[in-house]
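Enquirer: Quick one, what's the 3D model for this:
(chains A and B)
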Amino acid sequence: MAEPSKTEGNPAGPAEVVTPNVTEVAEIDVATESAAVAAIEAPAERGEPILQVRNLVKHFPLTQGILFKRQVGAVKAVDGVSFDLYQGETLGIVGESGCGKSTVARLLMTLEKATAGEVFYKGQDITRLSGRALKAVRRNIQMVFQDPYTSLNPRMTVGDIIGEPFDIHPEVAPKGDRRGKVQDLLDVVGLNPEYINRYPHQFSGGQRQRIGIARGLALNPEVIICDEPVSALDVSVQAQVINLMEKLQDEFNLSYIFIAHDLSIVRHISDRVGVMYLGKMAEIGTDTQIYDHPTHPYTQALLSAVPVPDPEARTGRERIILSGDVPSPANPPSGCRFRTRCWKAEDKCAKEVPLLAIPERFVSSTTPAAHESACHFAEEKNVVHAV
Amino acid sequence: MTIIEETSSVPTPRSGDSDTTPLLEVRDLHVEFHTRDGVAKAVNGVNYSVSSGETLAVLGESGSGKSVTAQAIMGILDMPPGSIPQGQILYRGQDMLTMSYEERRKIRGRKIAMIFQDALSSLNPVLSVGYQLGEMYRVHEGLSRKAAKAKAIELMERVNIPAAKARVNDYPHQFSGGMRQRIMIAMALALEPDLIIADEPTTALDVTVQAQVMDLLADLQREFNMGLILITHDLGVVADVADKIAVMYAGRIVETAPVHELYKRPAHPYTRGLLDSIPRLDQKGQELYAIKGLPPNLLKIPAGCAFNPRCPKAQDICRTDVPVLDPVTEQDGTELPGRGSACHFWKETIHG
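Expert: Down below sits the predicted model:
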């Protein structure tokens, strides 16, 4: 599995990545590190890209043998994903389970080392940073996890959980006033500040997710990555958490990457939406472009399958029922990855990988259908609204 | 001659006249769990009925008692700690709660079958799916292993599992989530029951697979004219398949209505709040309406209407008097068939 190295637009000029998943020894001198830290800590202007992801790849090796491990293949969890996140906006990422959306989140958090590709945070490639600069990046990108029942340590009090980030980044809150800071955070997310000495099991699911959000906010980050933050919650509590997240975004000028499989919630909260399929971005655009004018057949199928809570609206809607399951990411189909389930697939789809670009037929027009879509036969189709 | 024809077309009634007796009727069912901290009242007087070919959706959040009711119907409730202090569950007019263990066993699986939520943990990981599907025939009908396996292949084909013959000896982990759920459906269908209870059958699945599974379930229901009780918290899924809906809150049914009516004009503030709090795919709204507060603790359900601490319309009467499920009428008093609301102020909720 040879990795094409991607060099476009990279100021550092990376070395050839020959062996994936092997940590390179980065040699960064003090001067460049300080420059990087300064760039990271500079405030971002509203509307400029804060996070730029270019051809991000993550392959998990499949090995055989115990003593002499040899690689027999790779699970191509993320296979060339590019997108931008602008300051102050919410980018929704949707897709079925196994499409790689959570791996993207882990790569952006640098919890996982990318096989190839770059992630620029304010112009600095975070996949190559280390030491002080990496620590500064991690302070500015925080995460809210999916399951509020397992992502909080049951042996720590709420105060310890929310205050733990301060132990790692003591410059944010001096030792003396940490307790007050934690109480402020509890207040911000709508919990009683007196609950500071309680344990997670004393809270309901919605309250726990608020604790998770407070922990994410503790270090005043600029970007918060939310990996399915409401999917474990009851319907009536989901709305509370979504409203809270929108309020916090305005208050603290946050940028969100909102990963979810519930398309209705993603539409509600997102400014732009990316649709992922088997490790690749199938279509990306503003919420109106994606939901009202989808051009990729996968997006159309996904949207048409969502049950709408209105029996009147369902009668006029066309439903596309896909056959079969998502292919294995260890052995994805050649060409377009969606071709095995696509009703438009032709020979071309098996041979050529469609690029994520504005389809040719829409390039010169200004209709909402003119947005990036990775399909050879992109065509607009209304599937959400009753005809 | 004509007399014989008439009687033969009607299935032999077990008691009384089967046309008016619903397939399954739950009357004033109560279920409690005795725990160290006290008595948790999971179900507090539930009434509903299902007829052949009908789909009843039971809607509610976690802890509303929707799954416990289903377990009580199937007779798979853990007793103790659970107990049924009051109520009746009538299958074709016969109370299942007073039946002997053997009698109940004859109904379970053969007449009433259940589809569980999490297919991976409901299937036995160390037995092949063919063996597990065939078990229904071996136990209930005394078929041989070979005949049971042939039947299992037939079943897998019926729920559209490709290459059923080759896959009959595979184990559950070798199937994808959607296929496992199909196998669960196949198992429930095996003996062609009169009634299927599906407890959150698609919650763990992706939307595209969810659509496949719900379609399959609806087709099979039509084919066999089965009754279906669909337990879910997803208002979207309900809108697609249900005939009538029962909304549960804190162990009670707070509203019943035919599907179209419920979405158009909810008659209970809880239903209204639920409908307003879900974002819509086809329109981008402003701030979502959120029901304030949390679902009640079943150990101490609030006095009066259980929803009163979260209700925007709560008055003094709501804190003292438990509202009964009143029939809902039009403003001029015309009856709305099948509609009921357990709210003191249903008139204002639906008409004002």
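Enquirer: Low-confidence ranges, chain A, go.
Expert: For chain A, the stretches with pLDDT under 70 are A:1-30, A:314-315, A:386-387.
Enquirer: mind giving me the domain ranges of it?
Expert: A:48-63+A:72-270, A:293-373 (automatic domain parsing).
Enquirer: Mind putting these into TSV with mean neighbour count?
Expert: Quick note: C-beta positions are derived from backbone N, CA and C, even for glycine. Converted to TSV, these look like this (neighbours: other Cβ atoms under 10 Å in any protein chain shown):
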stretch	mean neighbour count
domain A:48-63+A:72-270	20
domain A:293-373	18
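Enquirer: Could you export those domains as JSON lines, including distance to chain B?
Expert: Below are those laid out as JSON lines (distance: least, Cβ to the nearest Cβ, whole Å):
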{"stretch": "domain A:48-63+A:72-270", "distance to chain B": "4"}
{"stretch": "domain A:293-373", "distance to chain B": "3"}
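Enquirer: Just say helix, strand or coil for A:Met143.
Expert: When classified by DSSP: H, G, I helix; E, B strand; the rest coil, A:Met143 comes out as strand.
Enquirer: per-domain residue ranges of chain B.
Expert: Domain assignment of chain B by automatic domain parsing yields the ranges B:17-242, B:248-281+B:288-351.
Enquirer: Quick one: the strands in the chain, in order.
Expert: You didn't say which chain, so I picked chain A. Shown for chain A, the strands assigned by DSSP state E span residues A:49-64, A:70-86, A:90-94, A:116-121, A:124-125, A:141-144, A:223-227, A:255-259, A:272-277, A:280-286, A:372-373.
Enquirer: please go with chain B instead
Expert: Secondary structure of chain B (DSSP E): strands located at B:24-35, B:38-50, B:55-59, B:82-91, B:94-95, B:112-115, B:195-199, B:227-232, B:244-249, B:252-258, B:326-329, B:335-341.
Enquirer: would you list those strands in a markdown table and tack on distance to chain A, mean pLDDT and mean neighbour count?
Expert: Output for these, formatted as a markdown table (distance: least, Cβ to the nearest Cβ, whole Å; pLDDT from 0 to 100; neighbours: other Cβ atoms under 10 Å in any protein chain shown):
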| stretch | distance to chain A | mean pLDDT | mean neighbour count |
| --- | --- | --- | --- |
| strand B:24-35 | 15 | 91 | 18 |
| strand B:38-50 | 15 | 90 | 20 |
| strand B:55-59 | 10 | 92 | 25 |
| strand B:82-91 | 23 | 90 | 17 |
| strand B:94-95 | 33 | 89 | 14 |
| strand B:112-115 | 18 | 91 | 24 |
| strand B:195-199 | 15 | 91 | 25 |
| strand B:227-232 | 10 | 91 | 24 |
| strand B:244-249 | 10 | 92 | 25 |
| strand B:252-258 | 10 | 92 | 25 |
| strand B:326-329 | 18 | 86 | 17 |
| strand B:335-341 | 15 | 86 | 17 |
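Enquirer: Please name whichever of those strands is nearest to A:Ala378.
Expert: strand B:227-232 (35.1 Å; Cβ to Cβ).
Enquirer: In its sheet, which strands sit next to that closest one, and in what direction?
Expert: Sheet pairing of strand B:227-232 (DSSP bridges) gives strand B:55-59 (parallel), strand B:195-199 (parallel).
Enquirer: List of residues touching that strand?
Expert: Residues from elsewhere that reach strand B:227-232, judged by Cβ atoms under 8 Å, 6 or more residues apart in numbering or on different chains: B:23-24, B:50-59, B:66-67, B:70, B:73, B:194-203, B:217, B:221, B:237-238, B:241-242.
Enquirer: quick one: low-confidence ranges for the stretch 151-300 of chain B?
Expert: Ranges of the stretch 151-300 of chain B meeting pLDDT under 70: B:285.
Enquirer: Report the contact partners of the residue nearest to the spatial centre of chain A.
Expert: Closest residue to the average C-alpha location of chain A: A:Ala105 at 4.4 Å, with Cα atoms, centre = their mean. The neighbourhood of A:Ala105, defined by Cβ under 8 Å, 6+ apart, consists of A:143, A:225, A:227, A:257, A:259.
Enquirer: One more: A:Leu152?
Expert: By Cβ under 8 Å, 6+ apart, the neighbours of A:Leu152 are A:161, A:200, A:208, A:211-212.
Enquirer: Repeat that for B:Leu298.
Expert: Per Cβ under 8 Å, 6+ apart, neighbours of B:Leu298: B:40-42, B:63, B:250-251.
Enquirer: at 7 Å what do you get?
Expert: When contacts are counted by Cβ atoms under 7 Å, 6 or more residues apart in numbering or on different chains, B:Leu298 touches B:40-42, B:63, B:251.
Enquirer: now A:Gly123
Expert: When contacts are counted by Cβ under 7 Å, 6+ apart, A:Gly123 touches A:Ala39.
Enquirer: where along chain B do the helices fall?
Expert: B:2-9, B:66-74, B:101-107, B:119-122, B:129-141, B:145-158, B:164-167, B:177-189, B:207-224, B:235-241, B:259-264, B:269-277, B:316-320, B:346-351 (DSSP state H).
Enquirer: Can you tell me the closest non-neighbouring residue to B:Phe116?
Expert: Spatial nearest neighbour of B:Phe116, chain neighbours left out: B:Ser122 (4.1 Å); criterion: Cβ to Cβ, 6 or more residues apart in numbering or on different chains.
Enquirer: gap between B:His233 and chain A?
Expert: Distance from B:His233 to chain A, counting by Cβ to the nearest Cβ, to the nearest Å: 6 Å.
Enquirer: could the helices of chain B go into CSV alongside mean neighbour count?
Expert: Formatted as CSV, the helices of chain B follow (neighbours: other Cβ under 10 Å):
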stretch, mean neighbour count
helix B:2-9, 8
helix B:66-74, 23
helix B:101-107, 13
helix B:119-122, 16
helix B:129-141, 20
helix B:145-158, 18
helix B:164-167, 14
helix B:177-189, 24
helix B:207-224, 19
helix B:235-241, 21
helix B:259-264, 19
helix B:269-277, 22
helix B:316-320, 14
helix B:346-351, 18
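Enquirer: Turn these into TSV, including distance to A:Gln183.
Expert: Conversion of the helices of chain B to TSV gives the following (distance: least, Cβ to Cβ, whole Å):
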stretch	distance to A:Gln183
helix B:2-9	74
helix B:66-74	38
helix B:101-107	56
helix B:119-122	40
helix B:129-141	54
helix B:145-158	58
helix B:164-167	58
helix B:177-189	43
helix B:207-224	41
helix B:235-241	37
helix B:259-264	43
helix B:269-277	29
helix B:316-320	32
helix B:346-351	39
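Enquirer: if we can go back for a sec, pretty sure the residue nearest to B:Phe116 is touching B:Met184, no?
Expert: Yes. Assessed by Cβ atoms under 7 Å, B:Ser122 is found in contact with B:Met184 at 6.3 Å.
Enquirer: Now do the shared contacts for these two.
Expert: Between them, B:Ser122 and B:Met184 share these contacting residues under Cβ under 7 Å, 6+ apart: B:Phe116.
Enquirer: which bits of the stretch 151-300 of chain B sit near chain A?
Expert: Applying Cβ under 7 Å from any Cβ of the partner chain, we find that the stretch 151-300 of chain B lies next to chain A at B:176, B:178, B:206-208, B:210-212, B:215, B:233, B:235-237, B:239-240, B:259-260, B:263, B:273-275, B:277-282, B:284-285, B:287-291, B:294-295.
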